[in-house]
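K.L.:
Got a predicted model here, sequence first, then my questions.
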2 protein chains.
Amino acid sequence: MSINKKRIIYLLGALLIVISLTMTPSLLVALIYKEYKCAKAFIFTISLCLLIGIAFKRNHKFEFSKFNNREGYLIVTLCWFLSSIFGCLPFIISGSIPNIIDAFFETCSGFSTTGASILTDIEALPMSMLFWRSFTHWVGGMGIIVFAMAFLPKLGISGQLIASAETPGPTLDKLTPRFSDTAKNLYLIYLFISILEVLLLLLGGLNLFDALIHTFGTVGTGGFSNHNASVAYYDSDFVHWIIIIFMIISGTNFNLYYLSLKKGLNTIFKDEEFKFYISTITLFAFFITLCLLLNGKENNFFTALTKATFQVSSIVTATGFATDDFDIWPTFAKMLIFILMFMGASSSSTGGGVKMIRILVALKLIFRGFSLKTHNTRIISVKINKKALPSDTISNIANFIFLYIATVLLATFLISVDNFDILTNLSSVAACIANIGPGFSLVGPTMNYSMFSGFSKIILSIVMIAGRLELFTFFILFSRYYRDPNRA
Amino acid sequence: MSINKKRIIYLLGALLIVISLTMTPSLLVALIYKEYKCAKAFIFTISLCLLIGIAFKRNHKFEFSKFNNREGYLIVTLCWFLSSIFGCLPFIISGSIPNIIDAFFETCSGFSTTGASILTDIEALPMSMLFWRSFTHWVGGMGIIVFAMAFLPKLGISGQLIASAETPGPTLDKLTPRFSDTAKNLYLIYLFISILEVLLLLLGGLNLFDALIHTFGTVGTGGFSNHNASVAYYDSDFVHWIIIIFMIISGTNFNLYYLSLKKGLNTIFKDEEFKFYISTITLFAFFITLCLLLNGKENNFFTALTKATFQVSSIVTATGFATDDFDIWPTFAKMLIFILMFMGASSSSTGGGVKMIRILVALKLIFRGFSLKTHNTRIISVKINKKALPSDTISNIANFIFLYIATVLLATFLISVDNFDILTNLSSVAACIANIGPGFSLVGPTMNYSMFSGFSKIILSIVMIAGRLELFTFFILFSRYYRDPNRA
């Protein structure tokens, strides 16, 4: 299991070429809107990526089949960091976000589909930069779908859990044609959902640019808007509900779409994680609607329901769009949002967080605990979709949740050097690790991350990527077991 | 495993007689200080307890050996609730705390060794009531030592883990003479520690009354003081350090004292949980000292060290005494206190919280996760004191931590109806479930719990007792498995 540096370099070269390709639509936008300064920045970055990319790829012959675990962890993590490093260049060069750390934070936030921003005035950004900023969400979301298909099975949790009989183990170890097929199908689904949302938003009265920006933000569950007021800018229930529905769609396990194409739509509604996901959204939205009405924050039932459902969907799918400032809601409603921040969307979706399936298993473990303590001698299994989970899957889930908590506490501790209040720090980290975006207090939906120090911005950027890569993929690179795989 | 109601009633009768006995020292104090109104309240309550107790015990013959699990859970939980219900009568009758819910909250806080108070002016209370209030800590602390010895093994975690070879399974199922012996020895240790602290506090210049009050608060890791300023009232480093040392002693696994009597003091220092506990205190105190000095909150190193160590020990052992208002410390220091709130003292101590051993195992699980992901096929065990933990112990620990988090979130959600800020709510629940006392913001060290509604006070009282009984003992009573033990 040694690391083949040549292979790593080859792949990073390929990545840089892909990055340069993803920038071309933004270059086009710059040309259309005659933003020549921005166009130059894109041309420079594209050229740079192409040059380095080609240089890296040259002289190395790549063998896909010999790819190993350790290389996998390294490459996936490097992918996200390199994308953010090269992706932030247009912002810096064009002068749109002149500060390097700010530009890096914003791009990490984009590719990790977080949507946390350091911009105090989003609307001041050139159109092409707004486009690129949101397009990173769409690219990052697509990237995570591959990651989820290829990598999560190794981390003991994924669509594999649900669909193991259907799509047996397409892991990085065996990047077979079968995997390419699956990936291709998932991309097509992703593309189809995106086009559908663009069309519906156009129907809702948005112009093409806005429709694209908000589709990128929704389907990638990112949350960058081109308006300071986020989705609240559009005074249209139709638009709000379209975005609600597409946030929920994007937070659903993509394997289920793939499977339902083969076996019928029933597959989705029978899935336990999906049922739990929808029930959570319904229940939380119901409570918040009730709370907003009873506290006199809203008088109209439908308005309250729309705002509550929008915010619940936005937070649980880790999108982060806003139609209302939930930070000034009654604490009862805020607390529900706070809890949702730690739940997250479905596995193998573009959403972030702990993920519904893990929360569900943790809850089942608690109840199994009650059962075990009254039936001392019996062995009771935890079942998902009527299948008993293997004990190492359960152990992986517990590990993940512990690591998640430890990361949240450690990062909150680290950024507390800036001396902002605990809730700001805690919710910043919770919002970054789950790739949500807005938090509470100083990072509430109407605020932004600009006040943090450079140090804290870097910590939060790392947290976003670590969270996006389900923590282990990232943290393992620093473990002694990674450096010395033969270690006991 | 059916529940024998007669046996339950018999035991509750015995409990009431014990409660009446525990009130006699307070009656004595009332007589000494000529607080006749209080004396009457105690006499009435003692008589009531005796009457009901004797009535309950009459006509029932008790067979210890036939005690079963389900009866055990019920009795332990009823013990703490009944003690609080009857224990709050003197406060109500004497008019010291006329509000029933307030009196119940204060007594729950006493018996559960929490130390959270609804009193805005502690010093206004009659001496005998102050004495009773603190004495409940001492009784509750002693109670928890038996509970830890008899019950925790069933919950999969305890001193048994460390000392399983030494004290094989003294569970409630087998209340053998051997258990009584162990319990007796633990009581003697508890008594010895208490007397030692009283003597040292007298040496530090406290009067006998103050020395007793603060010993009850320390050894029971409760935290009720008879001064509004808590331990800050005493301007003496000697007193502060005595209390620091005794808080740490009380937060140590009592089994270790028992074992070290037999096998030498080395047993304590070789214990992994103890090492982790002491390292945590040292590390956190070091960081906070540094933070207080660097931020100019303190200029003198020794003063900073004393304050930092005091607060760290007070929170980690779940005592809750204060020598400084940590709520106005820099966020960096506050965040460390916040993290400590979720850690807790050692297992089988009088301290509360998640407990060091569980945190240690959770951390080891994370690292095992790294190891497993680089050694796909190997089975790697988690070891404590060089012994591999059985998988169901690990699973119990994960269950406990999940239930702990779920309880904290649920209770925080429930009390958010009062519309105080999230940090107040979250830290109130964290401080109550871990039996600490003070939290942040509106429940900071200089504040109290009086502003909460009756509903929230009842929720918090329940949380204190549930936390004190390691959650499962309490929650299992409401599970379907408890009602129907034959259920699958």
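P.N.:
Okay, I see it. Numbering: from 1, shown residues only, chains lettered A, B, ... in the order given.
K.L.:
what's downstream of the lowest-mean-pLDDT helix or strand in chain A, the next helix or strand?
P.N.:
Using mean pLDDT, DSSP states H and E, helix A:159-163 stands out as the lowest-scoring helix or strand of chain A, at a mean of 35. Counting by DSSP states H and E, the next helix or strand C-terminal to helix A:159-163 is helix A:177-203.
K.L.:
Tell me which residues of that next one come out buried.
P.N.:
A:F179, A:T182, A:A183, A:L186, A:I189, A:Y190, A:I193, A:S194, A:E197, A:V198, A:L200, A:L201 (16 or more other Cβ atoms under 10 Å in any protein chain shown). Quick note: C-beta positions are derived from backbone N, CA and C, even for glycine.
K.L.:
What average pLDDT does it get?
P.N.:
Computed over helix A:177-203, the mean pLDDT rounds to 85.
K.L.:
Run through the neighbouring helices and strands of that helix.
P.N.:
Packing partners of helix A:177-203 (3 or more Cβ pairs under 8 Å, 6 or more residues apart in numbering or on different chains; DSSP states H and E): helix A:127-150, helix A:208-219, helix A:237-250, helix A:254-263.
K.L.:
Would you tell me which of these gets closest to chain B?
P.N.:
Ranking the helices and strands packed on helix A:177-203 by proximity to chain B (Cβ to the nearest Cβ) places helix A:127-150 first, at 14.6 Å.
K.L.:
now the angle between helix A:254-263 and that closest one, please.
P.N.:
For helix A:127-150 against helix A:254-263, the angle by axes from the mean of the first three to the mean of the last three Cα atoms, to 10 degrees is 70 degrees.
K.L.:
ok now helix A:127-150, how far from the chain's centre?
P.N.:
Centre-to-centre, helix A:127-150 and its host chain are 9 Å apart (Cα atoms, centre = their mean, to the nearest Å).
K.L.:
likewise stretch A:192-211?
P.N.:
With Cα atoms, centre = their mean, you get 21 Å for stretch A:192-211.
K.L.:
So which elements touch the host helix or strand of A:R368?
P.N.:
Using DSSP H and E, A:R368 falls within helix A:356-374. The contact analysis (3+ Cβ pairs under 8 Å, 6+ apart) places helix A:356-374 against helix A:272-294, strand A:383-384, helix A:391-415, helix B:69-87, helix B:391-415, helix B:472-475, helix B:480-483.
K.L.:
Beyond the shortest one, next helix or strand please.
P.N.:
Of the helices and strands lying after strand A:383-384 in sequence (DSSP H and E), the nearest is strand A:387-388.
K.L.:
Give me the below-cutoff pLDDT ranges for the stretch 101-250 of chain A.
P.N.:
Within the stretch 101-250 of chain A, the segments meeting pLDDT under 70 span A:148-180.
K.L.:
give the contact list for A:T317.
P.N.:
A:T221, A:M247, A:I248, A:S250, A:G251, A:A345, A:S349, A:G351 (Cβ atoms under 8 Å, 6 or more residues apart in numbering or on different chains).
K.L.:
let's see it at 10 Å
P.N.:
A:218, A:221, A:223, A:244, A:246-252, A:277, A:281, A:340, A:344-346, A:349-353, A:435-436 (Cβ atoms under 10 Å, 6 or more residues apart in numbering or on different chains).
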